[in-house]
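Peer 1: Quick one, fold the following:
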Amino acid sequence: MATAPPSDLAFGAFTDDAPWVVDPARMTWRRRIDDLRARTRAQVPVLMRRRRVPPGGRALHVGAVLAWAVGRWYVGARRRGGAASRADLSRRLRDAFERLGPTYIKLGQIISSGEGIFPAELVAQFRLLRDQVRPETFDDVRSVIEADLGRPLESVFCWIDTTPVAAASIAQVHRATLCTGEHVVVKVQRPTVAHLVRKDLAAMSWIAPVLVGRIPVAALANPPALVEVFAETIVEELDFRLEAQNMLDTAHILFETGEAAAMVVPRPHPDLVTRRVLVMEELTGFAFDDVEGMRAAGIDTEAIIHAGMVAFLEGAMLYGVFHGDLHGGNLVVLPDGRVGLLDHGITGRLDERGRLAFLRLLMAGTVNDVRMQLQALCTLGALPEDTDVEAVVRDLRLEAPPIDPTTLAPEQLIGEMQQLTRSLLAYGARMPKELMLFVKDLLFLDGAIATLAPDIDLFAEVTKVATHFATRHGERIMADIGIDPRATSVDLDGLKASMGVALDTPSLTYRELQERRQLIQRRMAAHRRGAVPASGT
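Peer 2: Numbering: from 1, shown residues only. Okay, here's the model as predicted:
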């Protein structure tokens, strides 16, 4: 006789073999979860308030470490200027962050996944921080688990691996087996990290304004704005009950949008979730970059990319909730081809006004309406609300004929980028939290295409995604923002212009796009060495 599927599959996108059944109403850790989230967010302005004097010894220590790093750069590589100077400063900042411990390592890790948002030299150096966090001793892990669960470790787990499978700046993860027989993973917060994070945020808020205009890696991610985004992100990571709720919300959205056949979320335990301990279902499968293994198992890697993009956009545009930290370590491909979404500590959450602005931003992009895009960016806080949109269109030459960057001399391309940056800064541009997380995820998906589907036709894929939204969600989008995607078509000419390719280009694979990028990078590198290669080399 066939076994009935677990009843929670009518609620969320979970695996078919349930170690337990998710019933949100019976999960005691969810009590007053919305109030908990509101109280947590309310901590940010308090932690970020500007102080006249340094907030304690930690601020003085942090200031001294950063001053030493910046000071040594100032009297050394700064004289050389350009990329060499930025690279030297980035290396010194990475060394300083590593010395300052988990909070700063976490900030560095967030920066390291922001290629295209933060300067390339800074991203390259901070990538080295991803594996630099030493695990806590198992005695400390035991102490946190027993204190939060209120009982001996052996009364909950019949086995727990004393060596973590992952050790990050906020927490570490151990495989375990419950006394009731289920295989799980246990996320355990570092015992002193919450106290240290709050002290460090106070120190950052005091130091960041001092750095404005003094270092060349700030760009749009100026230090105070970066610290504010970081504070908004990390305070919610310090309470695993919020992460467990993020898991439930994401699973429900995937079910509601019909993506449960492509993506799943591990089930949080009904009872074993506290501020510092999160017990969840174990998902196993292929590493996200194991392309050969997946293809040998008959898994369509192009379908994975398509499903990931659609699910990500649906969450942001239709529900205002999306996974905010996509990277290879947070994704696992199950043997049946579904993608398991892991680590929901960082989640983008938009209020209704912000969600509608995101929807307008992305829908305007499909029809190349730059004014609607700018208005949406104003609503999202990336530009001041009173920004003169027409002036921005004019100053940034947004309606000018497209320029192929591969045809520009390096000094011309540098000049274009510098002018764009100066103009954006003059208009008060900044990168609010949700927009930064969204762009970071898009950049990850961009890189994932290179790994899983390098020969996919980008123009065809954009059209396919747009068609999906028109056919499945057209009526709702029309009701939300007055744009009917069923009555509009994708402006491929605008897309080609944004990529800097000729309008008569019939198709463009990701491999070809990479070749264009690599050509630009070679020309820029040669320019820095004083010798520009011939076009196309």
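Peer 1: Look at Val188 and tell me its secondary structure.
Peer 2: strand (DSSP: H, G, I helix; E, B strand; the rest coil).
Peer 1: ok, now Ala261?
Peer 2: coil.
Peer 1: ok, it - contacts?
Peer 2: Arg338 (C-beta atoms under 8 Å, 6 or more residues apart in numbering). No exception for glycine: its C-beta is placed from N, CA and C like everyone else's.
Peer 1: Against Ala460, how distant is it?
Peer 2: Using C-beta to C-beta, to the nearest Å, we find Ala261 at a distance of 22 Å from Ala460.
Peer 1: ditto for His473
Peer 2: Between His473 and Ala460 the computed distance is 20 Å (C-beta to C-beta).
Peer 1: just Met372 next, same as before
Peer 2: When Met372 is compared with Ala460 (using C-beta to C-beta), they lie 25 Å apart.
Peer 1: Tell me which of those two has more neighbours.
Peer 2: Met372 (18 against 13; other C-beta atoms under 10 Å).
Peer 1: did I read that right, the more buried one in a helix?
Peer 2: Yes. When three-state DSSP is applied, Met372 is found to be in a helix.
Peer 1: Check what pLDDT it gets.
Peer 2: If you check Met372, the pLDDT there is 92.
Peer 1: From Arg130, how far out is the closest residue to Phe444 other than its chain neighbours?
Peer 2: The spatially closest residue to Phe444, leaving aside those adjacent along the chain, is Leu326, at 4.5 Å (C-beta to C-beta, 6 or more residues apart in numbering). Using C-beta to C-beta, Leu326 is found at 15 Å from Arg130.
Peer 1: Averaging pLDDT per element, find the lowest-scoring helix or strand in the protein.
Peer 2: helix 410-426 (a mean of 60; mean pLDDT, DSSP states H and E).
Peer 1: which is the next helix or strand following that one?
Peer 2: helix 433-452 (DSSP states H and E).
Peer 1: could you give the mean pLDDT of that next one?
Peer 2: When pLDDT is averaged over helix 433-452, the result is 87.
Peer 1: Now do the buried residues in the helix or strand just after it.
Peer 2: Per DSSP H and E, helix 433-452 leads on to helix 458-481 as the next helix or strand towards the C-terminus. Neighbour-count burial for helix 458-481, counted by 16 or more other C-beta atoms under 10 Å, picks out 458-459, 461-463, 465-466, 468-470, 472-474, 477, 480-481.
Peer 1: now do stretch 17-25
Peer 2: Ala18, Pro19, Trp20, Val22.
Peer 1: Could you export those as JSON lines, including pLDDT?
Peer 2: Below are these laid out as JSON lines (pLDDT from 0 to 100):
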{"residue": "Ala18", "pLDDT": "92"}
{"residue": "Pro19", "pLDDT": "95"}
{"residue": "Trp20", "pLDDT": "96"}
{"residue": "Val22", "pLDDT": "95"}
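Peer 1: and the residues you listed as TSV, adding distance to His269 and secondary structure?
Peer 2: Below are those laid out as TSV (distance: C-beta to C-beta, whole Å; DSSP: H, G, I helix; E, B strand; the rest coil):
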residue	distance to His269	secondary structure
Ala18	12	coil
Pro19	9	coil
Trp20	7	coil
Val22	10	coil
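Peer 1: Same list, these, but as CSV with distance to Ile110 please.
Peer 2: Output for those, formatted as CSV (distance: C-beta to C-beta, whole Å):
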residue, distance to Ile110
Ala18, 33
Pro19, 32
Trp20, 33
Val22, 30
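Peer 1: Go through those and name the one nearest Pro384.
Peer 2: Val22 (42.9 Å; C-beta to C-beta).
Peer 1: Now do the same contact list for the closest one.
Peer 2: Val22 touches Asp8, Phe11, Gly12, Phe14, Leu248, Ala251, Arg267, Pro268, Pro270, counting by C-beta under 8 Å, 6+ apart.
Peer 1: Most neighbours among these, please name it.
Peer 2: Pro268 (28 neighbours).
Peer 1: now that one, nearest residue through space, not along the chain?
Peer 2: Ala244 (3.9 Å).
Peer 1: Taking the centroid of this protein, which residue is nearest it?
Peer 2: Central residue of the chain (C-alpha atoms, centre = their mean): Asp325, 3.5 Å from the mean position.
Peer 1: now the closest residue to Ala208 other than its chain neighbours: how far from Arg99?
Peer 2: Once flanking residues are discounted, Ala208 sits nearest to Pro223: 3.9 Å by C-beta to C-beta, 6+ apart. Going from Pro223 to Arg99 by C-beta to C-beta gives 18 Å.
Peer 1: Pick out whichever of those two has more residues nearby.
Peer 2: Pro223 (19 against 15).
Peer 1: Just confirm that one contacts Pro209, I think it does.
Peer 2: Yes. Between Pro223 and Pro209 a contact is recorded at 7.3 Å, counting by C-beta atoms under 8 Å.
Peer 1: shared neighbours of the two, which are they?
Peer 2: Counting by C-beta under 8 Å, 6+ apart, no residue touches both Pro223 and Pro209.
Peer 1: Among the buried residues of stretch 17-25, which one sits closest to Val185?
Peer 2: Pro19 (11.3 Å).
Peer 1: which residues touch the closest one?
Peer 2: Contacts of Pro19 (C-beta under 8 Å, 6+ apart): Glu182, His183, Val184, Arg267, Glu281.
Peer 1: Next, it: phi, psi?
Peer 2: phi -70, psi -30 (degrees, to the nearest 10).
Peer 1: Could you report the separation of it from His252?
Peer 2: For Pro19, the distance to His252 - C-beta to C-beta - is 19 Å.
Peer 1: quick revisit: could you point out which of the buried residues of helix 458-481 is nearest to Leu383?
Peer 2: Nearest to Leu383 among the buried residues of helix 458-481, with distances taken as C-beta to C-beta, is Ile481, at 18.9 Å.
Peer 1: give the contact list for the closest one.
Peer 2: Ile481 makes contact with Leu356, Leu359, Arg360, Met363, according to C-beta under 8 Å, 6+ apart.
Peer 1: Compute the distance between it and Pro454, please.
Peer 2: Distance from Ile481 to Pro454, by C-beta to C-beta: 34 Å.
Peer 1: Repeat that for Arg353.
Peer 2: 38 Å.
Peer 1: The two: who's more crowded?
Peer 2: Higher neighbour count among Arg353 and Pro454: Pro454, with 16 against 11, using other C-beta under 10 Å.
Peer 1: What's the local residue count around Ser112?
Peer 2: 20.
Peer 1: Now it: closest residue in space that isn't a chain neighbour?
Peer 2: Phe126 (3.9 Å).
Peer 1: What is the helix or strand harbouring that neighbour packed up against?
Peer 2: Using DSSP H and E, the element containing Phe126 is helix 120-126. Helices and strands touching helix 120-126, by 3 or more C-beta pairs under 8 Å, 6 or more residues apart in numbering; DSSP states H and E, are helix 82-100, helix 102-112.
Peer 1: residues in contact with that helix?
Peer 2: For helix 120-126, contacts defined as C-beta under 8 Å, 6+ apart pick out 83, 86-87, 89-91, 93-94, 97, 108-109, 111-112, 114-115, 217.
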